[in-house]
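K.L.:
Sharing a model prediction with you, sequence too.
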Amino acid sequence: MTTQARETVGTRAQVLAWCLWDTGSSAFHAIMLTFVFTVYLTSSSFGSPEHTSAVLSAGMAIAGFFIALTAPLIGQRSDAPRSRSRFLGVNTVLLALFTGLAFFARPEPSFLIFGVAMIAIASIVAEFAEVSYNAMLPGLAGPRKIGAVSGWGWGAGYLGGIVALAFVLFGFVQPGFLGIATEDALNYRSVALFSAVWVLVFSLPLMLRARSMPYRPLEIDDDDASPAPRRGILASYRDLFRTIARVWRRSPATVYFLLSSAIFRDGLAGIFTFGGVLAAGTFGFSMSEVIIFAVVANIAAALGAIVGGKFDDAAGPRAVIVVSLLGIMVAGSVLLFWEGSTAFWVCGLALCLFVGPAQAASRTYLGRLTPSGRDGEMYGLYATTGRAVSFLAPTMFGIFVTAFGAQIWGILGILSVVGVGLVLLLFTPKPPKGFTTVQA
């Protein structure tokens, strides 16, 4: 049965609060996961670049596996406004907590596993919070603005990353105006505390408004029974398998997209996870140079996401994703054979320019396919399928680094993951223009 979901649109204040959450989480993704703390963890203080990169890859792969197993529980339970707000708030607070605990990772090889563990656990709760966050998008934006609002959210995240990274550069790394000592890497470790506070401050507006956000009610087909209460883990997984079977039967395009996006999104995550590591380990960037590059890269990514959002609403998310992935393949391939810091500046910025719109359009693609009232369930499945293959980029990165004996070849491992996702996407049908879809 085909249904037309009612269009619901949030106020400007609600959209702003929603975008600010992305600004808050950007501190973890930009500072902790990409450009500063993972670079610190893979520095010579903890061991050889090959060893530290392999440990980081293993930690992120384990985190991805755990997310794949547990995300359905979060998504299924977040289709009620109160549950959605609760899961968002709890997991955001946990994100800030584990980010702050990374402060205790001293520059000694014995602290490497602890530091990676804090980053991995923080990435788990960040993903859980993002399930509830993404589930708000269709009801908040409506079918006419979903591309633009998604792009604004990603753009706000990237721009927030710029400000946060600039503060870290001039306040911590130099060291700067904060005057934090460099002994025992105190200045680098202190960025974990700063990031934790940043997450809480910018996430607070959405946590306070979460219960009042626009909500798409469940619409049930005549031959569909209301979802049973989900009380246990086994029941949640039984519901998950029933959901997959139902979606495959009534909307196979959704399954095709979930499969293809799971793969190419892991490749996109790999670009951000290992970008700073490559800048320092292969192209000889100092920590200050890595952060300066990160600031400019976030500007490029923000512009890409915002502009891509406009094209998303006009041409559809599939076209935006295809063009973006092709751009990533070209830029990454050139970087393999072009040596020097100039190569990383040019190709790295090109990669960031295309990653932004691909990420923003991916979640709007699913939003257009998601039936009213099942946003949390479908975005939970979105997280599950994505993380089910999240070992791919870290594993391929590690395999190519080990096989060729040089960190630069890890790029080829990431590009192989992006390429497979792109090929699968080309066989995926286009999503509807609005929210009209087969009830799943």
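P.N.:
Perfect, I can see it now. All figures in this text were calculated on a predicted structure; none of them were measured in a lab. Numbers count the residues shown, from 1 in each chain.

K.L.:
how about low-confidence regions in the protein?
P.N.:
Along the chain, the model assigns pLDDT under 70 to residues 1-8, 72, 79-81, 174-176, 217-233, 236, 433-440.

K.L.:
What is the burial count for Leu369?
P.N.:
Using other Cβ atoms under 10 Å, Leu369 has 24 other residues around it. To be clear about C-beta, it is placed using only N, CA and C from the backbone, and glycine gets the same treatment.

K.L.:
ok, it - contacts?
P.N.:
251, 253-254, 257, 378, 431-432, 437 (Cβ atoms under 8 Å, 6 or more residues apart in numbering).

K.L.:
give me the element the closest residue to it other than its chain neighbours is part of.
P.N.:
Spatial nearest neighbour of Leu369, chain neighbours left out: Thr254 (4.7 Å); criterion: Cβ to Cβ, 6 or more residues apart in numbering. Element membership for Thr254 (DSSP states H and E) is helix 252-281.

K.L.:
again, but for Phe293
P.N.:
helix 287-315.

K.L.:
Can you tell me the SS state at the closest residue to Ala279 other than its chain neighbours?
P.N.:
Closest residue to Ala279 apart from its sequence neighbours, by Cβ to Cβ, 6+ apart: Phe285 at 4.2 Å. Taking DSSP: H, G, I helix; E, B strand; the rest coil as the rule, one finds Phe285 in the coil state.

K.L.:
ditto for Pro432
P.N.:
Relying on three-state DSSP, one would call Pro432 coil.

K.L.:
who's in contact with it?
P.N.:
Counting by Cβ under 8 Å, 6+ apart, the residues that Pro432 touches are 368-369.

K.L.:
Could you check how far the most centrally placed residue in the chain is from Val418?
P.N.:
Nearest to the mean C-alpha position of the chain, by Cα atoms, centre = their mean, lies Ala269 at 6.5 Å. From Ala269 across to Val418, the span is 11 Å (Cβ to Cβ, to the nearest Å).

K.L.:
what do you get for Arg12?
P.N.:
Distance from Arg12 to Val418, by Cβ to Cβ: 36 Å.

K.L.:
Tell me which of those two has more neighbours.
P.N.:
Val418 (26 against 7).

K.L.:
gap between that one and Leu392?
P.N.:
10 Å.

K.L.:
which residues are common contacts for the two?
P.N.:
Common neighbours of Val418 and Leu392 (Cβ under 8 Å, 6+ apart) are Gly267.

K.L.:
can you give me the angle the helix holding Thr254 makes with helix 287-315?
P.N.:
Put simply, helix 252-281 runs at 160 degrees to helix 287-315, going by axes from the mean of the first three to the mean of the last three Cα atoms, to 10 degrees.

K.L.:
how about helix 252-281: buried residues?
P.N.:
253-281 (16 or more other Cβ atoms under 10 Å).

K.L.:
same deal with stretch 9-22?
P.N.:
So, applying 16+ other Cβ under 10 Å, buried residues of stretch 9-22: 10, 14-15, 17-22.

K.L.:
Which one of those is nearest to Ile408?
P.N.:
Asp22 (31.2 Å; Cβ to Cβ).

K.L.:
Test my guess that the closest one contacts Trp154.
P.N.:
Yes - between Asp22 and Trp154 there is a contact under Cβ atoms under 8 Å: 6.6 Å.

K.L.:
so Gly373 sits in a helix?
P.N.:
No - read with three-state DSSP, Gly373 is coil and lies in no helix.

K.L.:
What does it show for phi and psi?
P.N.:
phi 90, psi 0 (degrees, to the nearest 10).

K.L.:
ok, now Pro429?
P.N.:
phi -60, psi 160.

K.L.:
who's in contact with the closest residue to it other than its chain neighbours?
P.N.:
Taking Cβ to Cβ, 6+ apart as the measure, Pro429 lies nearest to Ala253, with 4.3 Å between them; neighbours along the chain are not counted. Applying Cβ under 8 Å, 6+ apart, we find Ala253 in contact with 369, 428-429, 431.

K.L.:
I'd like to know which of those residues are buried.
P.N.:
Neighbour-count burial (16+ other Cβ under 10 Å) applied to the contacts of Ala253 gives 369, 428, 431.

K.L.:
Could you list the residues in contact with stretch 301-308?
P.N.:
Contacts for stretch 301-308 (Cβ under 8 Å, 6+ apart): 147, 151-152, 154-159, 162, 320, 324, 352-361.

K.L.:
What of stretch 421-428?
P.N.:
Looking at what lies outside stretch 421-428 - Cβ under 8 Å, 6+ apart - the contacts are 253, 256-257, 259-267, 318, 321-322, 325-326, 329.

K.L.:
Roughly how far does the residue nearest to the residue nearest to the centre of the chain when sequence neighbours are not counted sit from Ile271?
P.N.:
Once flanking residues are discounted, Ala269 sits nearest to Ala393: 6.2 Å by Cβ to Cβ, 6+ apart. Distance of Ala393 to Ile271, computed by Cβ to Cβ: 8 Å.

K.L.:
just to revisit the earlier point, between the buried residues of stretch 9-22, which is closest to Tyr237?
P.N.:
Among those, and counting by Cβ to Cβ, the member closest to Tyr237 is Trp21, at 28.5 Å.

K.L.:
Find the nearest non-adjacent residue to that closest one, please.
P.N.:
Leu206 (4.2 Å).

K.L.:
Quick one: list the elements packing against the helix or strand the one you found falls within.
P.N.:
Taking DSSP H and E as the definition, Leu206 sits inside helix 186-209. Under the contact definition 3 or more Cβ pairs under 8 Å, 6 or more residues apart in numbering; DSSP states H and E, helix 186-209 sits against helix 12-26, helix 37-41, helix 81-101, helix 137-168.

K.L.:
Figure out which of the ones you listed is closest to Ala196.
P.N.:
Proximity to Ala196 (Cβ to Cβ) singles out helix 81-101 among the helices and strands packed on helix 186-209, at 3.6 Å.

K.L.:
For that closest one, list every residue counted as buried.
P.N.:
81, 84-89, 91-101.

K.L.:
same deal with stretch 41-57?
P.N.:
Neighbour counts over stretch 41-57 (16+ other Cβ under 10 Å) mark 41-43, 45-47, 49-50, 52-57 as buried.

K.L.:
With secondary structure and distance to Ser195 added, can I get these in a markdown table?
P.N.:
Below are the buried residues of stretch 41-57 laid out as a markdown table (DSSP: H, G, I helix; E, B strand; the rest coil; distance: Cβ to Cβ, whole Å):
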| residue | secondary structure | distance to Ser195 |
| --- | --- | --- |
| Leu41 | helix | 14 |
| Thr42 | coil | 18 |
| Ser43 | coil | 18 |
| Ser45 | coil | 20 |
| Phe46 | coil | 19 |
| Gly47 | coil | 24 |
| Pro49 | helix | 24 |
| Glu50 | helix | 27 |
| Thr52 | helix | 20 |
| Ser53 | helix | 22 |
| Ala54 | helix | 25 |
| Val55 | helix | 21 |
| Leu56 | helix | 17 |
| Ser57 | helix | 22 |
